[in-house]
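S.K.: Need a 3D model of the sequence below.
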Amino acid sequence: MNEWITICAIDEIPVLGARRVARAQGLDVAVFRTASGEVFALLDRCPHKGGPLSQGLVFGSSVACPLHNWTIALATGQAAAPDEGCTPRFAVRLEGSAVQLRADELAQHALEQTRPLAGPLGLGRCGSAAASCSTSQTTVAA
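M.R.: Below is the predicted model:
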């Protein structure tokens, strides 16, 4: 039996936007909401150069990576032609107004994926080893 974990209420994800879900291990999961109210979940990593898809522009049933504008299908994680590549998907469901992800996937799925390092080695995203930059994020203990 699959256990589902409530991440947030649907209204906590902006229409045509995303919310990041931090995991105990592995990269964050991005949960997207379309204009029609559909909800999708992908690893928060573009298959091209590792850009944060949660910061991209959602349009129709796709998201544009903020780094190089690759279009990624929300339902499949597949890059649109002529680009090639795929980002891992996560099962997501709405239970009333609650957005839920599967606990087993959060704990075990796509743990081998990493984000490319940029800048001097050992420094955080804001330039210090202990840097902590964040946007809207939910942390889930696995």
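
S.K.: all strands of this structure, in order?
M.R.: 4-9, 17-22, 29-33, 39-43, 57-59, 62-64, 71-73, 89-90, 92-95, 98-102, 137-139 (DSSP state E).

S.K.: For residue 108, see how far away residue 63 is.
M.R.: Noted for residue 63: a distance of 24 Å to residue 108, by C-beta to C-beta, to the nearest Å. All C-beta atoms are positioned from the backbone trio N, CA, C, and that covers glycine.

S.K.: Over to residue 99?
M.R.: Going from residue 99 to residue 108 by C-beta to C-beta gives 20 Å.

S.K.: again, but for residue 68
M.R.: For residue 68 relative to residue 108 (C-beta to C-beta), the value is 29 Å.

S.K.: Same check on residue 114?
M.R.: Distance of residue 114 to residue 108, given as C-beta to C-beta: 16 Å.

S.K.: Compute the distance between the closest residue to residue 79 other than its chain neighbours and residue 58, please.
M.R.: Using C-beta to C-beta, 6 or more residues apart in numbering and skipping the chain neighbours, the partner closest in space to residue 79 is residue 85 (4.6 Å). Using C-beta to C-beta, one gets 19 Å for the distance from residue 85 to residue 58.

S.K.: who touches the residue most central in space within the chain in this structure?
M.R.: The residue lying closest to the centre of the chain (C-alpha atoms, centre = their mean) is residue 30, at 1.9 Å. For residue 30, the contact set (C-beta atoms under 8 Å, 6 or more residues apart in numbering) comprises 18, 19, 20, 21, 41, 42, 43, 44, 52, 53, 54, 63.

S.K.: With pLDDT as extra columns, can I get those residues in CSV?
M.R.: Below are the contacts of residue 30 laid out as CSV (pLDDT from 0 to 100):
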residue, pLDDT
18, 98
19, 97
20, 97
21, 97
41, 98
42, 98
43, 98
44, 98
52, 96
53, 98
54, 98
63, 98
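
S.K.: Can you name the two of those residues that sit furthest apart?
M.R.: 21 and 63 (15.4 Å; C-beta to C-beta).
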